[in-house]
Structure formats: C-alpha cells, structure tokens
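Novice: have a look at this fold, sequence not included:
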Ligand code: PMP
Ligand code: GLU
C-alpha cells in the first residue's frame, strides 16, 4: 500500500509521543496544558445546554452568539478593525483552524516562513499542504526573540504565508510590538498573509500582547479556549480575518470535514467572556508566574542558557553540547518527562521543553533537582 506523498513528510506529534511515554512517570512536564479546571461558570452553562437539548449540528461556522462575542473581544481588546461575526470561524480546536488556514492558502511549492523553533504541528501541516518551509533562525541567547538574521531570512524567503506565534510555544517568548511591526512591514512588501497564533495571549507575565491584525488586514488571527480556560479536551478554537475570502475558503474545508464544533461546548463558551471566568484566568496566571520564576532561578544556577520567557507556560533551556533526544530519554528514565527540543526545529537542538502548566511547585522542585544533577 503506497502512502500518499503528502503524508510521507508528516511526522508523529512529539508532544503527544512524549506525553504518552511520561504517563507512568513520577513527574510529567511534557504536554502543553494547565492543570487547572475549566471555570465553573463555563461548565455549568455547558451542562445546561446539554439538558436543554442543544445537541444537534450548529451552523457550520459556529453559533452566531459566540461569533458575535469573539468579534467584540477582538475589536475591543485586540483593536483589530474590520471584524463582525461573519469574519469569525469557530472550529474544533485552534489546531484544526490552523489546518484549515494552511490548506486553504498553500499549494505545492508555495513558501511558508516558519520561525525555528516552532510548535511541532505547524511543520507537519505545512508538509501536508505540500508547501516549502523557509526556516527563520532564532537564538537562545536572544531569548528566541527575532533578530537581524531572522529578519533577513524572512525578507529573502518571499513567503506566501508567515507563521507568527506570540506568546510562543515552545520558547515562552513574547514578541514586543516593534518586532511584530517589523514582521508586518516585510509581509506588506511581499504581499504575504500572516497567520498570527495568539492562543497564549492571556498568559503573559511581563510586557503587552500585540496583534498583527491590528495593523495588517491580510492576517488570520487564531485563538482558542484550550489554554486560557483550561479547556484542551473540549476542542474549541477560532479564526478571525477582515479578509472574507480567507474565511470563506476555510469555512469550505470546515463544512466538508468536521461540520461544526461541538454544539453544547459552543454554548458553554459564551460564559468565557464574563468577569467570573476571567477572574479564574487571572488567578491561574499568578500561579503560573510563580512556577516560571522558580524554574528560571533554578536554571540560572546551572550551565544551561536561558533568558526569562515572558509568557505561555514553557521554558526552553539550551544545554551546550548536549544531545537533546538522549538527554530527554535519560530524564524520562529518571522519572521526569520533558520534550526534546529538536522536534521543534533545528534551532531546538540541545534544548528541552519543560511545560510547567500542570505541575505544582513541590513537584517542580523535585524535577529541578533531578535536571540539575543530570546537568552536572
Ligand atoms: N497553537 C499553539 C502554539 C499550541 O501550542 C497549540 C497546542 N494546544 C495549539 C495551537 C492548538 O490548540 P488547540 O487545538 O487545543 O486549540
Ligand atoms: N500544544 C500543546 C503542546 O505543545 C498540546 C499538544 C499539541 O497539540 O501538540 O504540548
């Protein structure tokens, strides 16, 4: 049986692979999720929707009430112009939204500019679309914030699509406004589309979030409920763009694949925009910040290269001369699950990704002890 060529370059998701390997380990710092529960108000509204029989297909793009709230949020908080509910597409997770976006823009040979390192699924989805990746180098000593080498690689690649993700997975970096404006400048000159994945938007400890969509119309802003509201298992994400052609193309894929996001989950998510749900998020971010600070202090005392990341819930230390795959395996044998850096791109070689979203300080201390002795 011949495997289709477009599938041959798709690799197993390293995040899911290492998460499975870590299942029976003492400390699991693999998968990117938080350990908090979904806010009560969202859970209650979802149960109510189920009891009220909201169990059928919804409009393929998502219920109008939810799309209305999302467009309001993006207008008021992110200052993205040109959006109303028709410009929003709700789907079964941001990952599926990203799949729809890439598949509706890229065909064989088209260039997609991808920061190196990047979240594992971007590369595989681009490969599925048969696009060509132009990797944009980032460096641990710069905190993985784009520098001149990044910008010249971007400028020279003339991409059809630029992938942007701030706050970032796997590095935790938050791109300052001036960096995003530089990327937008290059996109404008090359007439590139920007996919701005803002799923960690609310998990920021220092600095401000800036949306490329605020200043550039050909942007698809991607976000979702997984990280902010601890809803990874609910599968709910969305895309927004003032460019209706992009949204229409993505909607075409949606109606012919998942049909729509889960009906009662969409009704529950209406409560995500309330003060009550947002207070839970604020508490969660405070707890995550304490964990970030703890880990950074521990790593600063080792030989690892690490700049304090300002967002998400990952640290991505670089260990000079280490083989990240072997290092992750040895930590795994020692009861600590982490993800090696190289599946995130060649600039991730020698790094490990630690997700502290689901692990409290006591366990992090234990993990840090073991990592520190492995580094000696
Ligand atoms: N983008 C990034 C950067 C991520 O880390 C993830 C992982 N959950 C996603 C998108 C997908 O999120 P989901 O499909 O759970 O909404
Ligand atoms: N995005 C999360 C991670 O990086 C969840 C798993 C996945 O979707 O890859 O671990």
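Specialist: Perfect, I can see it now. Treat the numbers as computed from the prediction; the structure is a model and nothing was measured. Ligands and ions are numbered 1, 2, ... in the order given.
Novice: residue 208: what's it in contact with?
Specialist: Going by CB atoms under 8 Å, 6 or more residues apart in numbering, residue 208 touches residue 177. In this view, the C-beta of every residue, glycine as well, is placed from N, C-alpha and C.
Novice: same thing but 10 Å
Specialist: Contacts for residue 208 (CB atoms under 10 Å, 6 or more residues apart in numbering) come out as 174, 176, 177, 310.
Novice: what does this protein put close to ligand 1?
Specialist: Contact residues, the chain versus ligand 1 (CB under 6 Å from any ligand atom): 32, 93-95, 119, 165, 169, 197, 199, 224, 226, 232, 237.
Novice: if we use 5 Å, what do you get?
Specialist: 93, 94, 95, 119, 165, 169, 197, 199, 224, 226, 237 (CB under 5 Å from any ligand atom).
Novice: from residue 46, how far off is the last one?
Specialist: Meaning residue 237. According to CB to CB, to the nearest Å, residue 237 stands 16 Å off from residue 46.
Novice: could you give me the buried positions within stretch 140-151?
Specialist: Within stretch 140-151, the residues that count as buried by 16 or more other CB atoms under 10 Å are 140, 143, 144, 145, 146, 150, 151.
Novice: wait, the first one touches residue 172, no?
Specialist: Read it as residue 140. No: using CB atoms under 10 Å, residue 140 is not in contact with residue 172; the gap is 11.7 Å.
Novice: common neighbours of those two, please.
Specialist: Counting by CB under 10 Å, 6+ apart, the residues touching both residue 140 and residue 172 are 306, 307, 316.
Novice: got a list of what the first one touches?
Specialist: Residues touching residue 306, when contacts are defined by CB under 10 Å, 6+ apart, comprise 140-141, 143, 171-172, 295-296, 298-300, 315-319, 351.
Novice: near ligand 2, which of those residues show up?
Specialist: Of the entries in the contacts of residue 306, none also sits close to ligand 2 under the rule CB under 5 Å from any ligand atom.
Novice: now the helices for the stretch 201-350 of the chain?
Specialist: 244-256, 263-269, 275-300, 324-333 (DSSP state H, counting those that start in this stretch).
Novice: list the buried residues for the last one?
Specialist: For helix 324-333, a neighbour-count test (16+ other CB under 10 Å) marks 324, 327, 328, 331, 332 as buried.
Novice: how many other residues sit next to the closest residue to the fourth one other than its chain neighbours?
Specialist: Spelled out, it's residue 331. Spatial nearest neighbour of residue 331, excluding adjacent residues (CB to CB, 6 or more residues apart in numbering): residue 338 at 5.6 Å. By other CB atoms under 10 Å, 25 other residues sit near residue 338.
Novice: wait, residue 338 touches residue 32, no?
Specialist: No: using CB under 10 Å, residue 338 is not in contact with residue 32, being 12.0 Å away.
Novice: brilliant, that's me finished.
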